[in-house]
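J.: Could you work out the structure for the sequence below:
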Amino acid sequence: MYIVNPTNNTVVQFGPGPGSKISFERNGSKSLPQSELKAMAEEYLLKHVADFGSVKANFSFRQMSKPGSVSYAFRWEAKSKPQGEDVTPFVQIVLSPVGEVMSFNDVRSLYSN
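T.: Take a look at the predicted model:
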């Protein structure tokens with residue numbers, strides 16, 4: 001499923017939609033170290049987010065994993081919420097333990113006027 005911001009035609013999110021039958025590799029013997037997964041995440045974002053260098057320099061980084069190490073999220077968040085907003089703008093990519101892109105978010109364009 002893809003979600004696109006219609007005001008500027010940028011991808012806000014993609015990933016499996018409700019009821020999706022997409023499966024991702026979760027084989028523990030092929031799992032990559034988190035440092036390698038982070039490097040893969042950054043390489044992907046450098047190619048697909050035009051100003052990722054600025055995001056990396058100016059946003060706070062968080063790394064998360066789901067219990068059982070079934071996915072790893074690498075997230076860069078703005079350091080403050082825009083006035084009147086409940087969610088902080090962010091860029092995030094979720095990888096499987098073997099480095100498959102499971103989902104992507106770049107919601108920053110939703111905060112632009």
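
J.: Name the spans of the chain whose pLDDT lies under the cut-off.
T.: 27-29, 69, 112-113 (pLDDT under 70).

J.: how about 90 then?
T.: Applying pLDDT under 90 to the chain flags residues 8, 10, 16-31, 50, 65-70, 80-87, 110-113.

J.: Could I get the full set of strands for it?
T.: With DSSP state E, the ranges of strands along the chain come out as 2-5, 10-14, 60-65, 72-77, 90-95, 101-106.

J.: With distance to residue 34 and mean neighbour count as added columns, please give the ones you listed in JSON lines.
T.: For glycine as for every other residue, the C-beta is placed from the backbone atoms N, C-alpha and C. Below are the strands of the chain laid out as JSON lines (distance: least, Cβ to Cβ, whole Å; neighbours: other Cβ atoms under 10 Å):
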{"stretch": "strand 2-5", "distance to residue 34": "27", "mean neighbour count": "13"}
{"stretch": "strand 10-14", "distance to residue 34": "23", "mean neighbour count": "16"}
{"stretch": "strand 60-65", "distance to residue 34": "7", "mean neighbour count": "12"}
{"stretch": "strand 72-77", "distance to residue 34": "6", "mean neighbour count": "20"}
{"stretch": "strand 90-95", "distance to residue 34": "10", "mean neighbour count": "21"}
{"stretch": "strand 101-106", "distance to residue 34": "15", "mean neighbour count": "18"}
